[in-house]
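Student: model this:
(chains A and B)
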Amino acid sequence: MLGKTAGGIYWMSRFLERAENTARLVEAGFRIALTRSSDSASEWKSVVTTAGVRNGYMKKYDSFAGHTVIDYLLRDTGNPSSVMSVIENARMNARLVRTVLTTEVWEAVNENWMTLKEALRRPIKETELPGILGTIRQQSALVRGAMHGTMMRNDIFDFAQIGTALERADNTARIIDVKYYTLLPSASFVGSPLDNVQWETILRSVSAHRSFRWLNQDDMTSSNIADFLILDSRFPRSLSFCSRNLGENLGFLAKDYGVRMPCNDLVERQRDKLRAHDIGSIFDEGLHQFIGTFIRDNNAIGMQIEQDYRFNG
Amino acid sequence: MTEKRQLFDEMLLDGDGVRQPYGAYQEWFSNEDPTRLTKKSKEAEAFFRRTGITFNVYGQEEAQERLIPFDLIPRIISNREWARLSKGIEQRVRAINAFLHDIYHRQEILRAGIVPPHLIAQNDAFLPQMIGISPPGGVYTHIVGTDIVRTGENEFFVLEDNARTPSGVSYMLENRETMLQMFPELFSQNKVQPVSDYPKNLRRSLAASAPAGCNGKPTVAVLTPGIHNSAYFEHSFLADQMGVELVEGHDLRVVDGRIAMRTTQGYQNIDVLYRRVDDDFLDPLNFNPDSMLGVPGIMDVYRAGGITIANAPGTGISDDKAIYSYMPEIVEFYTGEKAILKNVQTWRCSEPEALQYVLDHLSELVVKEVHGSGGYGMLVGPAASKKEIASFAVKLKKNPSNYIAQPTLSLSTVPIFVKKGLSPRHVDLRPFVLVSPKEVKITPGGLTRVALKAGSLVVNSSQGGGTKDTWVLED
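Tutor: I've put the predicted structure just below:
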């Protein structure tokens, strides 16, 4: 398999994952805006920050109104992380690696692009937003379904999984990073309305509000939420789950190719670190520092993978 | 002679009825509901869009992807017609390979005074770097797409021998797939020779042309200029169908005297490179130094026999439009037989008498650039305005040897499907020929290109042409 092709499928997967995550952030923000309108500006601001596009946004707008944030995050092709931009990028990468994709996967990616291009052609009216967000989610699910149902379980699939896991871990970590203060035990008053809103937003941004409730019933505490997002081994967006997934897929590659690479060591170190902690020791170490280190390590693993498998030369 | 009688329609007879190969099809068609066909036609377009069968058009503001319109009425050729055509094509392709070998070695044909030496020596398509090189297996043109036009029952002409990097074969294959999906019943009523073996045959043919030193199964790869090339879809399609890697210049480098591609596990040697990059861009060290698309040093590896390049560099000298007019003599020189397929009468504007004739008859002729392709930079006299003709005459006089002229052929027509039913449109045909050291294989049929504008003779997709599925019947 060509290094360039591995890179293409890795980035295709990252971009697809990013589109879905951005849509989810907007969805959570929109919900807060509807249900707690007094907090909406600061909520939209943190949505933009979490999406990692605050500088670009501030160059274009000077306030955080719902409709401008939504437009910037979903439609604006001047924003390299907008859903439209990343779907374009995902499709471009899919075209680049078309020879290693099944027809079903290629068609799903192509259709995703065609559908969203149409759906995001004009500025979005508030009444249309839920439908469009639903479409984004649905299209992602179609691509994922095609991947799982039709792709061979070989290095090609591994690189796709690796891209997805890295992007997903990064997304969850950034959500925690932006709101870490609401999760600190010192700052929390159990049951205070402020925290409830914040916690709910966090959980909604990773589509976990229901699963969390199932697991914890009424026991909604900052510590429980942080534990769930960082260490839960069942929740597919927790840092621990993503890291394990990443480690496994890098392991498949090492086994398949018969060579252990530096990236295998890096991800192993990250997993060891997560395993060595419980939520108490993470708070002791400092939640903010812990998450910051995780994001840096995650990026470093990504760069090491690009190098080890010769994506660019 | 009226305009109507000049036109030859391959399906519809002048009075009622259809020509013999269309018999069974006509029976089916006459029982079809036009609304259903219109719906099918839309389905086909949606199918092409979804599968991403698109091409990019150069020179448009936004490098957008466009569909080549597909017409659902097939072009049907009888087995008898095809037998003669394919024999003529094979003869011509063999002659072209012999010509190329000769031109880059002893140049007997120049010594014999059949082709004037200046046409070779002063021709940009002639690559001095190829002199004395014998490609593996002696094959120069592994893939040829011979453009053929028809003007009557038994009148077939070769319009162009595309011996560099002919494109369009993916449309031939996808058009058939589309027809099979839309109208399966047609294929049980008509025995149509299959085309789907093409990718398998292409791979075999390429592998059979591997360098002599290649042990074991040859590694084949397709070299594309990249995702922005107008034919990128086809490049990835062919690589995919053959099960080989699709590489770009920056994936390749010379490693220990071989061409190798950068894989996730290090560099892996390539034996046969099916390149869809022009000669000029193939090797910045040996040709255009600004090229980012090629592989520095690949010509040196090639010269040393370390890789097969398909088609060989320098094949352009054989499909050059100035050489074209000598093809009947070239065929006879190398095969000892009369050419089976006719050439279109051609005026070489480099010759003063011919130039004068062309200038006097511009409104009747088609004038083409010697090195042009894709329908760009040509004059179709009968369709041009006085002003266009006048300004073309200026260009022509300035650089006559850059042009050839041909009579405006009344290309045959095949009906396309329109709201009101059937409406005749001009067509051409590009069969695809595979050449290996052992054999010449021609896929039955090829790509039929159709001018969608009534009366238009320009079938190029970049100029608004469409395509049809092409059937060669079995009987």
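
Student: measure the closest residue to B:Asp124 other than its chain neighbours to B:Ile330 for me?
Tutor: Excluding its sequence neighbours, the residue lying closest to B:Asp124 (CB to CB, 6 or more residues apart in numbering or on different chains) is B:His371, at 6.7 Å. Glycine gets a C-beta too; all of them are placed from N, C-alpha and C. Distance from B:His371 to B:Ile330, counting by CB to CB, to the nearest Å: 19 Å.

Student: Can you pick out the residue with more neighbours from the two?
Tutor: B:Ile330 (23 against 14; other CB atoms under 10 Å in any protein chain shown).

Student: you'd agree that one is in a helix?
Tutor: Yes - read with DSSP: H, G, I helix; E, B strand; the rest coil, B:Ile330 is one of the residues of a helix.

Student: ok, it touching B:Ile114?
Tutor: Yes - using CB atoms under 8 Å, B:Ile330 makes contact with B:Ile114 at a distance of 7.3 Å.

Student: ok, B:Arg106 - how many residues close by?
Tutor: 10.

Student: The residue nearest to B:Asp124 belongs to a helix?
Tutor: No - assigned with three-state DSSP, B:His371 falls outside any helix and is coil.

Student: Check what pLDDT it gets.
Tutor: Looking at B:His371, its pLDDT is 71.

Student: In contact with it: list those residues for me.
Tutor: B:124-125, B:320-321, B:402 (CB atoms under 8 Å, 6 or more residues apart in numbering or on different chains).

Student: now, which of these lie within helices?
Tutor: B:Lys321 (DSSP state H).

Student: After the longest helix along chain B, heading C-terminal, what element do we hit next?
Tutor: Determined from DSSP H, the single longest helix within chain B is helix B:79-103. Once helix B:79-103 ends, the next helix or strand along the chain (criterion: DSSP states H and E) is helix B:108-111.

Student: Quick check: buried residues in the helix or strand hosting A:Thr164?
Tutor: Under the criterion of DSSP H and E, A:Thr164 resides in helix A:155-183. For helix A:155-183, burial by neighbour count (16 or more other CB atoms under 10 Å in any protein chain shown) applies to A:155-180, A:182-183.

Student: buried sites along the longest helix of chain B?
Tutor: B:81-82, B:85-86, B:88-103.

Student: Over to stretch A:125-135?
Tutor: Under the neighbour-count criterion of 16+ other CB under 10 Å, stretch A:125-135 has A:129, A:132-133, A:135 buried.

Student: What lies in contact with stretch B:216-225?
Tutor: By CB under 8 Å, 6+ apart, the list of residues contacting stretch B:216-225 reads B:203, B:206-207, B:210, B:232, B:235-236, B:238-239, B:242, B:244-249, B:252, B:261, B:268-277, B:281, B:293.

Student: My error: substitute stretch A:215-233 in the last question.
Tutor: Residues contacting stretch A:215-233 (CB under 8 Å, 6+ apart): A:172, A:175-176, A:182-185, A:187-188, A:190-191, A:195-196, A:199, A:202-203, A:206, A:208, A:212, A:235, A:237-241, A:244, A:274, A:277-280, A:282-283, A:287.

Student: taking the residues you listed one by one, which sit in helices?
Tutor: A:172, A:175-176, A:182-183, A:195-196, A:199, A:202-203, A:212, A:239-241, A:244, A:274, A:279-280, A:282-283, A:287.

Student: Of those residues, which fall within the contact range of chain B?
Tutor: When contact is defined as CB under 8 Å from any CB of the partner chain, the ones in helices among the contacts of stretch A:215-233 do not meet chain B at all.

Student: Of those, which count as buried by neighbour count?
Tutor: Using 16+ other CB under 10 Å, the buried ones in the ones in helices among the contacts of stretch A:215-233 are A:172, A:175-176, A:182-183, A:195, A:199, A:202-203, A:212, A:239-241, A:244, A:274, A:279, A:282-283, A:287.

Student: Now intersect the contacts of stretch B:216-225 with the strands, please.
Tutor: The strands, defined by DSSP state E, take in B:245-247, B:252, B:261, B:268-269, B:272-275 from the contacts of stretch B:216-225.

Student: Now tabulate those in CSV and tack on pLDDT.
Tutor: Output for the ones in strands among the contacts of stretch B:216-225, formatted as CSV (pLDDT from 0 to 100):
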residue, pLDDT
B:Glu245, 95
B:Leu246, 96
B:Val247, 96
B:Leu252, 96
B:Met261, 97
B:Gln268, 96
B:Asn269, 96
B:Val272, 98
B:Leu273, 98
B:Tyr274, 98
B:Arg275, 97
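
Student: can you list the residues of chain B near chain A?
Tutor: Within reach of chain A by CB under 8 Å from any CB, chain B has these residues: B:49-52, B:227, B:232, B:236-237, B:239-240, B:245-248, B:250-251, B:261-266.

Student: Flag the shaky bits of the chain, pLDDT-wise.
Tutor: Reading this off chain A. Along chain A, the parts satisfying pLDDT under 70 run over A:37, A:186-195.

Student: not what I meant, chain B
Tutor: B:1-6, B:55-64, B:372-375.

Student: Helix, strand or coil: sort out the residue sitting nearest the centre point of it for me.
Tutor: Nearest to the mean C-alpha position of chain B, counting by CA atoms, centre = their mean, stands B:Gly145 at 3.4 Å. The three-state label given to B:Gly145 by three-state DSSP is strand.

Student: Just list whatever residues bridge to it.
Tutor: Following DSSP bridges, B:Gly145 is listed with bridge partners B:Asn162, B:Phe432.

Student: And it, how far from B:Tyr198?
Tutor: 12 Å.

Student: residues in contact with the spatially most distant residue from the centre of chain B?
Tutor: Farthest-out residue of chain B from its mean C-alpha position, per CA atoms, centre = their mean: B:Gln265, at 37.0 Å. When contacts are counted by CB under 8 Å, 6+ apart, B:Gln265 is found next to A:257, A:259.

Student: can you pull out the helices in the stretch 1-150 of chain A?
Tutor: Using DSSP state H, counting those that start in this stretch, the helices found in the stretch 1-150 of chain A span residues A:3-35, A:40-50, A:54-60, A:66-70, A:83-96, A:103-119, A:129-150.

Student: Strands of the stretch 301-450 of chain B, start to end?
Tutor: Taking DSSP state E, counting those that start in this stretch to define them, one finds strands in the stretch 301-450 of chain B at B:308-310, B:342-343, B:347-348, B:365-369, B:379-380, B:403-407, B:413-418, B:421-430, B:432-435, B:440-442, B:447-451.

Student: Serialize these to CSV and add fields for mean neighbour count.
Tutor: Formatted as CSV, those follow (neighbours: other CB atoms under 10 Å in any protein chain shown):
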stretch, mean neighbour count
strand B:308-310, 26
strand B:342-343, 16
strand B:347-348, 22
strand B:365-369, 22
strand B:379-380, 19
strand B:403-407, 22
strand B:413-418, 20
strand B:421-430, 21
strand B:432-435, 26
strand B:440-442, 20
strand B:447-451, 25
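
Student: got the residues of chain A near chain B?
Tutor: Residues of chain A lying near chain B (CB under 8 Å from any CB): A:1-6, A:92, A:95-96, A:98-99, A:103, A:106-107, A:110-111, A:114, A:155, A:253, A:257, A:259, A:309-310, A:313.
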